Every structure is written in C-alpha cells, then in structure tokens.
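Visitor: Could you work out the structure for the sequence below:
(2 chains)
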Amino acid sequence: MRPHDFGDDPFDRVAHAVSTTSLTRRTLLRGGVALGFTTAAGALLAACGGGGSSATSTPAGESGGGAPAGGSPTATTAASGDGAPQRGGSITVALNSDLTTMDPHKSTAAVDRQVYQLIYDKLVDIDAQLNIVPYLAERWEIADDGKQYTFTLVSGVTFHDGEPLNAAAVKANFDRMLDPATASPRRSEVAQVTEVQAPDDTTVVLVLSQPYAPLLATLSDRAGMIISPKAIQEKGDDLAREPVGSGAFVFVEWVKDDHLTVKRNENYWQEGLPYLDQVTYKPVTDATVRLTSLRTNEVQMVDAISAKDVEATKNDPSLVYSEVAGLAFQYISLNSSKPPFDKKELRQAVAWTIDREAIINAIFFGIGHPAQTPIPPSSWAYDESVQVYHQDYDKAKELLAAGGAPDGFEFTMLVTNTPDAIQLAEAYRAQMAAVGINAKLELLEFGTLLDRNDAGDFQAVSLQWSGRPDPDGNIYNYFITDGGLNRGKYSNPEVDRLLEQTRAVADPAERKKLYAEVCRLIAEDAPMIFIRFPAEIKVWQPVIQGFVHVPDGMMRLKTVWLRQ
Amino acid sequence: MGRYVLRRILAMLPVLFLVSLIVFSLIHLTPGDPALTMLGEEATPEAVAALRAKLGLDQPLPVQYLRWVGSVLQGDLGRSIRSNQPVSEAIAQRLPVTLELAFLSVLISLVIAIPIGIVSAMRRNSPVDAASTSVALLGVSLPNFFLAILLIFLFSIRLRWLPPIGYTPLADGLLDNLRRMLMPSITLGTALSAIVMRMTRSSLLEVLDQDYVRTARAKGLTELRMVRVHALKNALIPVATVVGLQIGGLLGGAIITETIFALPGIGRLLVDSIFQRDFPLVQGVVLFTSLAFLVVNLLVDLLYALLDPRIRYS
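Guide: The predicted structure follows:
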C-alpha cells in the first residue's frame, strides 16, 4: 500500500467517515439484529463509538443501544443470507483512479491492490477483524525466538499459465523482491528476511535477522502475493501489463484509463469459487460522476465516495451503503529538527489549539473519529484510554509563553493543492490563529510536496497515511530515530526502545500495552498531531451479495455473487 | 503545391526540435522525482538510488536528452516507466477516442453555428440576432465541467437515456459508441459553436458590405442565393482558421471533459503521466500533440485555396 494513496486522489479518500460500524439499513436490520451485538469486535468498536460518531448512526444503528450491530463484517456477510450463492454474471466496479502497474513487486498505489486481490493469491490474508487467516499457507509455525517462520503451502495450486505454485515459486518471488536490481518497494517491507528455504514442495522457511511481529500482516498484502516464476523469467518488466498469478480471476485486458477486465479462473483451487464470470474495473476520477454511474447502474460497486454524498447515499433505498473503521489517519507533521518546532512547547501549543470534533463536523459532515494516536479503532491495538489533547487555548498560551513566544509565532505548512486538503488546512489555520499562531499555507502539487517532505524541507506538513493492518505499519517508521518515514527527525530513546519491543514481542495483549505506552510518549512530544481516523466506505447495488467489508478497503470479490 | 507542402513540412522540424527541448527541460526541472513518486514513502535511499539507476535518471541531463532524441529519430518514443507500455502504443490506443471526440464536437458546432451565424448576419440587430448572440455568450461562458454535470443530471439521472461514463470502441457497435460520445461531444461542441457562430456572423457581415455583393444585389439575386453563392464561401476563410485552431487544440485532448465522462483520451493520458512523473510518456504525448497541431494548421492553410481560388501556393 502506498503511503498517501498517490495517484488515487488522496483527498477523495480523506473525505470519508469513520464512526465504527456498517450503517446500512439493509445490512444492519437484517444481519446485525440477527447476529447480535456481542462479538468481541462489536464491543471494541462500540467502545470507541461514543462522542463524535454517534451523530452518524442510522436509526437502526442506534437501536443497538450503543453497540451498533456488532461490527460490520458479520453484518455484511449476513447480507448474503438471501439463499445459496449463485454462480454466473458480471459486474463493473468503479475505482477512483486507474492502476499504475499490475506487478505487485513494483506497485506503490493503493488502487493497484484492488485488482491484485482477484488475480493473485497471498500467503496469508486478514479477515474483517484484522486477524491473520490462512490462504496459500494453510498453516505456519513461528520459532520461539521469533526468527524463523515455517509455512505449509496448500498443494495442487497452479498459476494461470499452468505452472505449479510450490515452495520454489514462493522462493523465486522473495528472491525477486529482495534483489536490489529489482528496485522493489517490497524490499524494505521484508528487509528482515535473510534467507528463504524450500526444503520440499509445500514447505517454505523464512529466516529473519531479528524478530519481526508484523511479518504476517505484511504478507497479507503485496509482499505475500505470488507471481508465476515462469512469467517473472519470461516477461520481466512486462509483468506490469501482463500479470500472471494464481488467483480466482484471470487477467483479460487492460486499456489504460478505460477499463481492466478479469474473468473467472475455471481451475481455481478453492472449490466452487469464484461465483462471478467476469469483473470489469473502470477508473472514474470524478467522485460525483462515480456515484452517478452507480445510481444509474452503469457500475454496481464503488470504492470511496465524497463525505458530502454520504448522507444522501445512506438514505437512498436503491443502494447499499457500508462503512467500517478504516486503517488510515490524518495528521499534521511538525519538523522537530527546525525552528520553530525544535521547541517541544511550541509543538504542544499547536496541538492544544485543534478542535477535532469541530473539524469532523464542519468539514467531514460529522463523519469521522477523532484521533489521538496513529493506531485506528479498527486495530486490536487501539486504546481508547489514550486521550491527550483537546482544544484548550489557555494551555496553548501557557505553552507559548514557556516556549518563548508568548504572542504566538509564524510557520509555513505544506498542503496538497486539492480543494478538500486546502479546506482542511484552512480550518487548522483558523483554530491556531486564536492564540496568535499564524500558519501560512504553501500549496503544492502532490509530487512536489512528496519531494519536499522526503528532503525534510518543511516546518509542517498536512497529510494522510493510508494505514496498514498491523499497527507497526502506522507507527514504527514514523517515530523511530532515523525511521524511513520520520521526515521531521524526531528522536526519543525511550520511544525507540519501546518500538523495538513491539516488534520483538509476539503476544498481541502485550503489544497492545506497549503501543499504548509509546503512543502516550509520542503524544507528549507532539512531533505529529493526529487529527482524524477516516472511515472505510463502500457502496453497491443491492444485487451484489456476499461481499465482506474488510477495514483495509480491498474488494475481495471472489465470494461475491449476484441475486438473480 | 507539392513544393509548398514539402517546404512547410521541413519547417516543422525546427519547431518540433524546440518542442522536444522545452518539454524535456520542463519535465526534468519540475520538482518531483519519478523514482520517489514511484516508490512513494516506501522509498528508502538505496531503493531510490537503485530505481534511478534502472531508469537511467542518474545520467547527466544532456546525456538523457540525447538518448531520448536519438531513439525518437529512429521512430522509438520509448516506454512508460510505470506500465512499461510503448509510448507510441499508448498514444495509438487513445487516438481513436480523441479523434472521434474532436470530429463529433466540431460537427455539432458547425451544424449549430453556421446556420445561426448566417441568419444573425442577414437579420442584423433583429430579435433573432440578439437571441443568438445571447445564447453564444452563454455558450462561451458556461464552463465545460458545469455543462457536463448538467447534461449528466438531465440525460443520465432524470431521463435515464444515456450512460454517464465510459467509452465503447466503434468496432463494438456504432449505436453504443454514439450514446456514450453524445454528451461529451455536446459539452465540447457547445463552447465551440458559440465561437464559430460569432465568427461566421462578423465575417459574413464584413463580406456583405463589399462592392461585389452590392453588384450581385443590383442584379436582383435573392438575399439567400446571394449569400449562398457569393458571400458565404469568402466569409468562411476566417471561420476555417478558427475551427482549425480549435481542432488542433482538441487533438491535444479535452482533459476536463474526458475526466468527467471517463473517456480514455489523449488529455487524460497526458495529465496522468505528468502527475506520475512518467517522463517518456509526457515527452511522447507532448511531441505528438505538437505535431498534430502543426499538421492541422497546414491542412487549414491548404483548405484556404479550396475556399478561395485566388489563393495559390507555390
């Protein structure tokens, strides 16, 4: 997944909501009520559901008495309960931008992954509660020291070109990712892997240089997708246009900016799947037109709609609206290595000026969850008790005085030049201005902004991170000293120590405690101000059944079928 | 004539050379490293360095430029650094869409604009003239995206007559193709027709003041026949110039219209490649659209000779 969803209209996605559960009347009434409200996920989601998000609950949601519908996944799955799944039919799905490449080892755009879900199989997957579940690997063992992973592969899987998917194929994929000549963005994701062994056809052993708890979550994304080794050999760079995987659908054609078509894999190894004969993706960059083409049934499913359209969409009985807590967070990054934000007090002063609820209500139409940390409510590591900042101008003024700028100060904030991003930055600016902090907005095209950000050439930046299933992907590289995403050169030895521990410890409960602790420290230092957790939204035509809405927003369509 | 055309074609070469130099310099001087945008924030310094080396971006700019121009001269526009698709193939894929869109919108504009322009000129200062002038003003000032959304609202959402997005190749069915091209063509054609209408009117008015027209009138020709036989042909020369320039522009793609109606035309290809810093693609598309513009201009100049026999090229 690529950081700021470049090429996929980052601020379109920003415009989404958070709250906590699926709010479709259809899914809620049918699935939610039927399945009860007591799943673990439901409890967790409900816990973070209070406050800001309640305004967005539909009547059905509120009827759950504060525990709306027990987590969408179950609810959504239940929507398929209209009888047995039926085979056949084709659907068209609107994406918010075109793909950049079909090669998972080269991809950096989030939108690419939507199509990969169909064409490629992964070693493991995540479910709607972000648990790791078996996929190509039917089971795995992790050595006690956390430095060796042994996967047992499903046997009898073949690629679309007829080649067998075995341990040697998996090894060939890791070799390609890890080869510096490939220049793969995956390389840093699996950097801990020092050796890949394939002792027999169905056994793959990954040897790590150090324990790395997020590894399995990483392998549920592009790093775990297995390409046909024969295609790697023969096609090379042309894999970008001619993908060969082992997934439930086979690539047919891609006419850039027009459509991308995949068809049913008749020899798919999972019995009975997929149900659909064909899926066509259409890139429709304009959010209004995207929704219109859904309403007119030109497409049957859309990825992402504008916040302004959420209310109308929810109330449209001819559409199914689904919303789950996502993985992303929106932030303001403050450069700790440069004045004025080399002074901790001034960073904290800015943090105390922001009213998250007001921003969510005014700019995101009331949908969204205020953020205090980079770990979103969808994660098992989310801790509601970490509450550090709210808007308090008196505190901000005290800190300004302590930081040697009692009358405020001026700084420049880099902002992407899209209307939504500018509107958000204007809101920040207005809230900061109340205590004399004058934020000058510098509007930049996204590529240029990335350049400046990468070079550390900024005082402050307003951005969004698209998020990872494992909390590590939302925090480690941002805050570890000299981390790959730590553009503001933040450094705190205690934070470093705790972050290393979160990778070494395998037990989720213990990791969660460590994350809460490190999140408090980071909030206190305020190298970054966390604003909002956007929600994950999908909208589809009621004819679509069996869709499981996972917080990563990926449309896994092999279980989807059409109600005739 | 043949020598004239040859001379004009030779004159294009320095222009194209300059265009190549300008587009290469601009895109390479624009902030935003393709390696960085490709890797996103997953970019570690060594990954960026490796990718830059792979793409040849670590070479000095003059070397990169000469390499590119060298391969262009051999007919190779290079490959997209994202999808590895040959640039010429990417352009060829988009060209039918852009050509059809340009053709249809010009057709629509001419069908609307020429008759109205003639009537306005003949009934100068009449209510008809005033009405058509107002409509033309509205057409020029109405932004494309707004008109496009209005059309979608009316024809797709309210009436459900036309699909809001997408493109069907001509080969897959003329009717479906036209159903999808209609709204985009109207969107572009409306703005164009306003310009053409005003140009037809003023140019015809000028011609109607000429001596030979007075002579023709004196011979007792009806006003309509006089316009048709004598005046219109001469009045169309400036109109042809304007339409030619517009076609040249349309071949560069109609970015906003293509985006709203999700048409895979040249304009979106260019914009996407700029945002992705896909240097070979940007360079190839700009070079191609410049060439298209020059060719259309040449054709318009040749058309003058057809409209006015006094114009001779040698």
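Visitor: Can I get stretch A:131-147 in CSV, CA atoms only?
Guide: The C-alpha trace of stretch A:131-147 is given here as CSV (Å, rounded to 0.1, in the frame of the first residue of the first chain):
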residue,chain,number,x,y,z
ASN,A,131,-6.9,-11.4,12.3
ILE,A,132,-4.4,-13.2,10.2
VAL,A,133,-6.0,-16.1,8.4
PRO,A,134,-4.7,-18.9,6.2
TYR,A,135,-4.6,-18.5,2.4
LEU,A,136,-1.9,-20.1,0.3
ALA,A,137,-0.3,-21.1,3.5
GLU,A,138,-2.7,-23.5,5.2
ARG,A,139,-0.7,-23.2,8.5
TRP,A,140,2.6,-21.8,9.8
GLU,A,141,4.8,-22.1,12.8
ILE,A,142,6.9,-19.3,14.3
ALA,A,143,10.1,-20.3,16.2
ASP,A,144,10.2,-19.4,19.9
ASP,A,145,12.9,-16.7,19.2
GLY,A,146,10.6,-15.2,16.5
LYS,A,147,13.3,-15.5,13.9
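Visitor: Next one: the closest residue to residue A:327 other than its chain neighbours relative to chain B, how far apart?
Guide: Leaving out its chain neighbours, the residue that sits closest to residue A:327 by Cβ to Cβ, 6 or more residues apart in numbering or on different chains is residue A:467, at 2.8 Å. Backbone N, C-alpha and C define where each C-beta goes, glycine included. Here the criterion is Cβ to the nearest Cβ, to the nearest Å. By it, residue A:467 lies 12 Å from chain B.
Visitor: just checking, residue A:467 touches residue A:330?
Guide: No - between residue A:467 and residue A:330 no contact is recorded; they are 10.6 Å apart, counting by Cβ atoms under 8 Å.
Visitor: ok so, going back, the residue nearest to residue A:327 - that's part of a helix, no?
Guide: No - counting by DSSP: H, G, I helix; E, B strand; the rest coil, residue A:467 is not part of a helix but coil.
Visitor: per-residue pLDDT, it?
Guide: In this model, residue A:467 is scored at 89, pLDDT.
Visitor: got it, and residue A:9?
Guide: Turning to residue A:9, the model gives it a pLDDT of 35.
Visitor: For the closest residue to chain A within the stretch 201-314 of chain B, what is the enclosing helix or strand?
Guide: Shortest the stretch 201-314 of chain B-to-chain A distance, computed as Cβ to the nearest Cβ: residue-wise this is residue B:264, at 3.7 Å. For residue B:264, there is no host helix or strand (DSSP states H and E).
Visitor: Repeat that for residue A:172.
Guide: Judged by DSSP H and E, residue A:172 forms part of helix A:167-178.
Visitor: from the chain's centre, how far out does the helix or strand following that helix sit?
Guide: As assigned by DSSP H and E, the chain's next helix or strand after helix A:167-178 is helix A:186-189. Relative to its chain's centre, helix A:186-189 lies at 17 Å (Cα atoms, centre = their mean, to the nearest Å).
Visitor: ok, which stretches of the stretch 1-150 of chain B are strands?
Guide: Per DSSP state E, counting those that start in this stretch, the stretch 1-150 of chain B carries no strands over any range.
Visitor: Return the residues of it in contact with chain A.
Guide: B:30-33, B:36-44, B:46-47, B:50-51, B:54, B:82-85, B:90, B:93-94, B:149 (Cβ under 8 Å from any Cβ of the partner chain).
Visitor: same thing but 7 Å
Guide: Proximity of the stretch 1-150 of chain B to chain A (Cβ under 7 Å from any Cβ of the partner chain) is limited to residues B:31-33, B:36-42, B:44, B:47, B:50-51, B:54, B:82-85, B:90, B:93, B:149.
Visitor: where in the stretch 1-150 of chain B is pLDDT low?
Guide: B:40-44 (pLDDT under 70).
Visitor: again but with the stretch 51-200 of chain A, I slipped
Guide: A:51-82.
Visitor: re the thing from before, list the contacts of the residue of the stretch 201-314 of chain B closest to chain A.
Guide: For residue B:264, the contact set (Cβ atoms under 7 Å, 6 or more residues apart in numbering or on different chains) comprises A:255-258, B:94, B:97, B:167.
Visitor: and the gap between it and residue A:110?
Guide: Residue B:264 sits 21 Å away from residue A:110, going by Cβ to Cβ, to the nearest Å.
Visitor: Same question for residue B:249.
Guide: Applying Cβ to Cβ, the value for residue B:249 to residue A:110 is 34 Å.
Visitor: Of these two, which one has the most company?
Guide: residue A:110 (27 against 16; other Cβ atoms under 10 Å in any protein chain shown).
Visitor: neighbours around residue A:241, how many?
Guide: The local packing of residue A:241 (other Cβ under 10 Å) involves 21 other residues.
Visitor: right, and it touches residue A:101 too?
Guide: No - using Cβ atoms under 7 Å as the test, residue A:241 is too far from residue A:101 to be in contact (8.0 Å).
Visitor: Mutual contacts of these two, please.
Guide: Residues within reach of residue A:241 and of residue A:101 at once, by Cβ under 7 Å, 6+ apart, are residue B:83.
Visitor: In the stretch 201-314 of chain B, where is pLDDT below threshold?
Guide: Where the stretch 201-314 of chain B drops to pLDDT under 70, the residues are B:314.
Visitor: And the helices in the stretch 151-300 of chain A?
Guide: For the stretch 151-300 of chain A, the helices defined by DSSP state H, counting those that start in this stretch occupy A:167-178, A:186-189, A:215-218, A:229-235, A:287-295.
Visitor: Show me the one of those helices that comes nearest residue A:378.
Guide: Set against residue A:378 and scored by Cβ to Cβ, those come closest in helix A:215-218, at 12.7 Å.
Visitor: Just confirm yes or no for that closest one near chain B.
Guide: No - residues of helix A:215-218 are not located near chain B by Cβ under 7 Å from any Cβ, the shortest gap being 11.5 Å.
Visitor: In that helix, which residues are buried?
Guide: A:215-218 (16 or more other Cβ atoms under 10 Å in any protein chain shown).
Visitor: for stretch A:192-205, same thing?
Guide: Across stretch A:192-205, burial judged by 16+ other Cβ under 10 Å covers A:192-193, A:196, A:198, A:202, A:204-205.
Visitor: Run through who's touching that stretch.
Guide: With Cβ under 7 Å, 6+ apart, stretch A:192-205 has contacts from A:148, A:150-153, A:155, A:166-168, A:170-171, A:174-175, A:178, A:206-210, A:212.
Visitor: for the residue positioned nearest the centre of chain B, helix, strand, or coil?
Guide: Centroid check for chain B by Cα atoms, centre = their mean gives residue B:250 as the closest residue, at 1.2 Å. Following three-state DSSP, the label given to residue B:250 is helix.
Visitor: List the contacts of residue A:458.
Guide: When contacts are counted by Cβ under 7 Å, 6+ apart, residue A:458 touches A:335, A:414, A:452.
Visitor: now, which of those residues sits nearest chain B?
Guide: So of the contacts of residue A:458, ranked by how close each gets to chain B (Cβ to the nearest Cβ), first place is residue A:452, at 7.6 Å.
Visitor: elements contacting the helix or strand that closest one falls within?
Guide: In the assignment (DSSP H and E), residue A:452 maps to helix A:446-454. Other elements packing on helix A:446-454 under the criterion 3 or more Cβ pairs under 7 Å, 6 or more residues apart in numbering or on different chains; DSSP states H and E are strand A:410-416, helix B:34-39.
Visitor: Please repeat the previous calculation with a cut-off of 8 Å.
Guide: For helix A:446-454, the elements it packs on are strand A:410-416, strand A:460-465, helix B:34-39, judged by 3 or more Cβ pairs under 8 Å, 6 or more residues apart in numbering or on different chains; DSSP states H and E.
Visitor: Take the ones you listed and write them to CSV, including distance to residue A:517 and mean neighbour count.
Guide: Output for the helices and strands packed on helix A:446-454, formatted as CSV (distance: least, Cβ to Cβ, whole Å; neighbours: other Cβ atoms under 10 Å in any protein chain shown):
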stretch, distance to residue A:517, mean neighbour count
strand A:410-416, 30, 20
strand A:460-465, 21, 24
helix B:34-39, 32, 24
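Visitor: Would you tell me which of these gets closest to residue B:70?
Guide: Closest among those, using Cβ to Cβ: helix B:34-39, at 20.3 Å.
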